[in-house]
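K.L.:
Attaching a predicted model along with its sequence, questions to come.
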Amino acid sequence: MTAATIINGKQISEEIREGIALEVQQLSKQGVRPGLAVVLVGDDPASHVYVRNKEKACHDLGFYSEVHRLPADSSQEEVLALVDKLNKQSSIHGILVQLPLPGHIQEKAVIDAIAVEKDVDGFHPVNVGNLVIGDDSLLPCTPAGVIELIKRTGVEISGKHAVVIGRSNIVGKPVSLLLQRENATVTMCHSRTSNMPEIAKQADILVVAIGRANMIDASYVKPGAVIIDVGMNRLENGKLAGDVDFASVKEISGPITPVPGGVGPMTITMLMKNTLLAAKRLSGIE
Ligand SMILES: Nc1nc(=O)c2c([nH]1)NC[C@@H]1CN(c3ccc(C(=O)N[C@@H](CCC(=O)O)C(=O)O)cc3)C=[N+]21
């Protein structure tokens, strides 16, 4: 068997970003510059890579960006007051409040407070509801990036069996809905699934988002299946590992994403795409 294709999320991101940069140029002629605000409460170290990569993307694409770093002991009222200010600020079209928030702050209260039109994470209940219904909405970034990566493998999604491992609100659930929207037959597995390898082995497309380093080995994989690894696990040696045991799985799978360089860069690219879209809509251009 020939070696599996490695899906180059970094390169695909670059291609999409070139298109976004062109649109930003066009928009600037109409006096609009997409603006993104990121709110970081406390100093979760895992957040830093993400915020750094996001700032770089904003800079490279000519977006306006603000990062608000609040101390870990900020009150919920303080965070809500900042969100309210950003909701009203015309230079900002996208607001992302980095999760997880410190335990004393209710994530739901904060997400609910973000203006629906500026919710570039796609986490607000109105955007989630529209996703479920199939109406137009700002799509959550990682799930949107996953679909884009699958489409670019050239493998048809329609009619295929997709298995999603993980049922979180930010990845597993929305990815399942988007795959279903693409006419896949979708099975969701999770921590209580009793015969997971057996089910996963039926997948033509396997999306893994469980948060356990290298858990999915070749015994979960049908030969030739598309493998999308959403995992981001920081190992003790400081390296990043996915949820998929890349070395063993790539020997039998079809196209497979690496970590890093797979889904991660796409998440940021989709955030930029959402911010561009929000800027156009808020400016009455689309
Ligand atoms: N409201 C909110 N929205 C999020 O989208 C969100 C969040 N909170 N909290 C944290 C997670 C994590 N996350 C990442 C996205 C991309 C990379 C990324 O760019 N990874 C690169 C680089 C990794 C590296 O070099 O260390 C890669 O996979 O190749 C990392 C992490 C978004 N998150």
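P.N.:
Good, I have the coordinates.

K.L.:
From the rest of the structure, what touches stretch 174-181?
P.N.:
The contact list for stretch 174-181, computed with C-beta atoms under 8 Å, 6 or more residues apart in numbering, reads 122, 128, 131-132, 134, 139-140, 142-144, 146-147, 157, 162, 164, 167, 186, 188, 205, 207, 209, 230. All C-beta spots, glycine's among them, are computed from the backbone N, C-alpha and C.

K.L.:
List buried residues within the residues you listed.
P.N.:
Those of those that meet the buried threshold are 122, 128, 131, 139-140, 142-144, 146-147, 157, 162, 164, 167, 186, 188, 205, 207, 209, 230, by 16 or more other C-beta atoms under 10 Å.

K.L.:
in the lowest-mean-pLDDT helix or strand in the chain, what counts as buried?
P.N.:
Lowest on mean pLDDT, DSSP states H and E among the helices and strands of the chain sits helix 45-61, with a mean of 87. Using 16+ other C-beta under 10 Å as the test for burial, helix 45-61 gives 47, 50, 54, 55, 57, 58, 61.

K.L.:
closest to the ligand among the residues you listed?
P.N.:
Of all these, residue 50 has the smallest distance to the ligand: 3.8 Å, by C-beta to the nearest ligand atom.

K.L.:
quick revisit: out of the contacts of stretch 174-181, name the ones that lie in helices.
P.N.:
Judged by DSSP state H, helices contain the following of these: 128, 131, 132, 142, 143, 144, 146, 147.

K.L.:
what's near enough to touch the second one?
P.N.:
By that I understand residue 131. So residue 131 contacts 122, 137, 139, 140, 174, 177, 178 (C-beta under 8 Å, 6+ apart).

K.L.:
repeat for residue 19
P.N.:
Neighbour list for residue 19: empty [criterion: C-beta under 8 Å, 6+ apart].

K.L.:
how about a cut-off of 10 Å?
P.N.:
269, 273, 276 (C-beta atoms under 10 Å, 6 or more residues apart in numbering).

K.L.:
Whichever of those residues end up buried, select them in ChimeraX.
P.N.:
Per 16+ other C-beta under 10 Å, the buried members of the contacts of residue 19 correspond to this ChimeraX selection:
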select :269,273,276
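
K.L.:
closest to the ligand among the contacts of residue 19?
P.N.:
residue 269 (9.4 Å).

K.L.:
The closest one touches residue 148, doesn't it?
P.N.:
Yes. Counting by C-beta atoms under 10 Å, residue 269 touches residue 148, with 8.3 Å between them.

K.L.:
For those two, list the residues in contact with both.
P.N.:
9, 12, 13, 16.
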